[in-house]
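Peer 1: I need the structure of the sequence given here:
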Amino acid sequence: MLAIILSAGKGKRMGESSNHTPKPLLKYNDKTLLEHKLDSLPDSVTEVIITIGHLGRMIAASIGYQYKKPDGTSLAITYIEQNELLGTAHSLWQAKDFIQQNNQPFLVLMGDDLYSKEDLLQMTEVYKNNPDSWVALVNTQPEHFIYGKCIIEDGLLKGFVNDHDHNIPENIIYTGACLLTTEIFNLPMAKVNSTEYGLPQTFIQTAETHPIYIVQATFWRRITSPEDLGS
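Peer 2: Model (predicted):
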């Protein structure tokens, strides 16, 4: 299985630190965010694509083209540049030819957020049991939020909604991790604003005809500010 880690963004909300260090190379508990992600990949993943942009050469220099996990196994690493930062769907589309050539299901992870190996493994298990599906990792939040709540029916992701009036009691958010197949490239990229194309907005287009199972995350840490790097 492949894994694609979207790591091209500038991380503007990280302040001065992201001006000289790409966000995926910032450290959390003595390891870079990218190392945490590579170490959490299920054993079935043997090859990783990292999309790079802002200070991308630093990422390639730090991680290299063979990454050794703590258990001694190695991951083959390929880097693909996203020259224009036009959103997560656009970032994935830069790897389209490589992914289609391999013709395998693939995990997609955000380059900054942290996930657990157990949750990513559970996603692959759900896919194995439902090979005509996709899988999205979601997380229940303790506080109410307005934008992008997940609509879930019978264990399937059906859509996203902005809940301005607090009408939906479940505060479930998409974590940015998903398991897709090459059929995603049959869809048009969906715009989220005038310049960016969003991956969740793209894959949700097919929710009524292509099941998207959910896995509830047991661990998910969003890294959006320097304070989030505290342990």
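Peer 1: okay, CA-based contacts and neighbour counts for the rest of this
Peer 2: Noted.
Peer 1: is the nearest residue to E47 once chain neighbours are set aside within a helix or a strand, and which one?
Peer 2: With sequence-adjacent residues excluded and distances taken as Cα to Cα, 6 or more residues apart in numbering, E47 is closest to A76, at 4.7 Å. For A76, the element it lies in under DSSP states H and E is strand 74-81.
Peer 1: what sits up against that strand?
Peer 2: If you take Cα atoms under 8 Å, 6 or more residues apart in numbering as the criterion, strand 74-81 is touched by 8, 45-53, 56, 60, 64-69, 94-95.
Peer 1: state which helix of the protein is the longest.
Peer 2: helix 117-129 (DSSP state H).
Peer 1: what's the first helix or strand after it?
Peer 2: strand 134-140.
Peer 1: returning to that earlier point: what's the following helix or strand after the strand holding A76?
Peer 2: Going down the chain from strand 74-81, the next helix or strand is helix 88-93, by DSSP H and E.
Peer 1: any buried residues in that following helix, and which?
Peer 2: When burial is assessed from 16 or more other Cα atoms under 10 Å, helix 88-93 yields the following buried residues: T88, A89, H90, S91, L92, W93.
Peer 1: for the closest residue to the fifth one other than its chain neighbours, name its beta-bridge partners.
Peer 2: Nearest-residue entry for L92: L6, 7.2 Å, with adjacent residues in sequence omitted and distances by Cα to Cα, 6+ apart. Partner residues in beta bridges with L6, using DSSP bridges, are T51, M110.
Peer 1: number of nearby residues for L6?
Peer 2: If you count neighbours by other Cα atoms under 10 Å, L6 ends up with 25.
Peer 1: same question, the one 4 residues further on
Peer 2: Using other Cα under 10 Å, the number of residues around K10 comes to 17.
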